[in-house]
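Sharing a sequence plus its predicted fold:
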Amino acid sequence: MQIRDIKELVESTADAAFAIDGSGLIVQWNRAAEAMFETTAARAIAKPCGQLLQGVDESGPVCSPNCLVQQAIRKRRPVRNFDLQVKIRQGRLWCNISVLIVHEAGSSLPYALHIIRPMDVRKRLELLMRDLVLKETGLSPEQVIKMISVTRAPAREADLTNREIEILRLLAQGVTSASIAARLHISRTTVNNHVQHILPKLEARLYWG
């Protein structure tokens, strides 16, 4: 594959996308990335991607010269998609990032094509569900993190009832299931049943391994 082919790949998606070389510098930056980060390609190219994304996850800062993507490039191995909170002008935005390792003829190291899809609401719901399970079960944070995984279906497709939306809003305010039951004049079991119905609608799945 030639560098012009990598450029075509980056330009071919409507999602924000960019490509970095083996040293972590941006070599391609599409229009959707310009819109998301309010940074032109001319300003982005030749900069370290971490300087623009300033990515963090639940554990803290992620972007660095030796990030997991850079390690994968050096080892020429695939990268699973991951969630990252990136820096935009309005603040921070949770996104899901897919990375494609692309080999260019004659290059000693491959390129990494990043495709960025905003998922802020879904990620915040995932974190909310983790907090809820942590409060209500007494499990350790490590167990809860391993237990809950959110798939990537658009949240707008979730068909929540008015009562389920009401319960989600209360959960977002930090209200416990017992307090929600008292406030809505229903049993705590009913609240928990609603939560169990909400999870699959948001395509959040529990893993008890």
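It's in. Numbers count the residues shown, from 1 in each chain.

Name every strand pairing with the one helix or strand residue 97 maps to and say which way it goes.
Element membership for residue 97 (DSSP states H and E) is strand 91-102. Pairing partners of strand 91-102, with direction, according to DSSP bridges: strand 82-88 (antiparallel), strand 111-118 (antiparallel).

Enumerate the positions of the longest one that are buried.
Using 16 or more other Cβ atoms under 10 Å as the test for burial, strand 111-118 gives 111, 112, 113, 114, 115, 116, 118. C-beta here means a position set from N, CA and C on the backbone, and glycine is covered the same way.

Would you mind confirming that the third one is in contact with residue 16?
No - in terms of Cβ atoms under 8 Å, residue 113 does not count as a neighbour of residue 16; the distance is 11.7 Å.

Enumerate every residue touching the most centrally placed residue in the chain.
Centre of the chain computed as the mean C-alpha position; nearest residue by Cα atoms, centre = their mean is residue 83, 2.6 Å away. Taking Cβ atoms under 8 Å, 6 or more residues apart in numbering as the criterion, residue 83 is in contact with 57, 94, 95, 96, 97, 119, 123.

Map the structural domains onto the sequence of the chain.
Here the chain is described, according to automatic domain parsing, as comprising the domains 3-118, 122-206.

least reliable of the ones you listed going by mean pLDDT?
If the domains of the chain are sorted by mean pLDDT, domain 122-206 sits at the bottom with a mean of 70.

Return the residues in contact with residue 197.
Taking Cβ under 8 Å, 6+ apart as the criterion, residue 197 is in contact with residue 164.

in the helix or strand hosting it, what counts as buried?
Using DSSP H and E, the secondary-structure element containing residue 197 is helix 188-201. Counting neighbours by 16+ other Cβ under 10 Å, one finds that the buried residues in helix 188-201 are 190, 191, 192, 194, 195, 198, 199.

Tell me the spatial nearest neighbour of the fourth one, not counting adjacent residues.
Leaving out its chain neighbours, the residue that sits closest to residue 194 by Cβ to Cβ, 6 or more residues apart in numbering is residue 167, at 5.1 Å.

Distance of the one you found relative to residue 52?
Residue 167 is 38 Å from residue 52, where distance means Cβ to Cβ, to the nearest Å.

In terms of neighbours, single out the busier of the two.
Just comparing residue 167 and residue 52: by other Cβ atoms under 10 Å the higher neighbour count belongs to residue 167, 26 against 20.

quick one: buried residues of the helix or strand hosting the more buried one?
The secondary structure element spanning residue 167 is helix 162-172 (assigned by DSSP H and E). Buried residues in helix 162-172, counted by 16+ other Cβ under 10 Å: 164, 167, 168, 170, 171.
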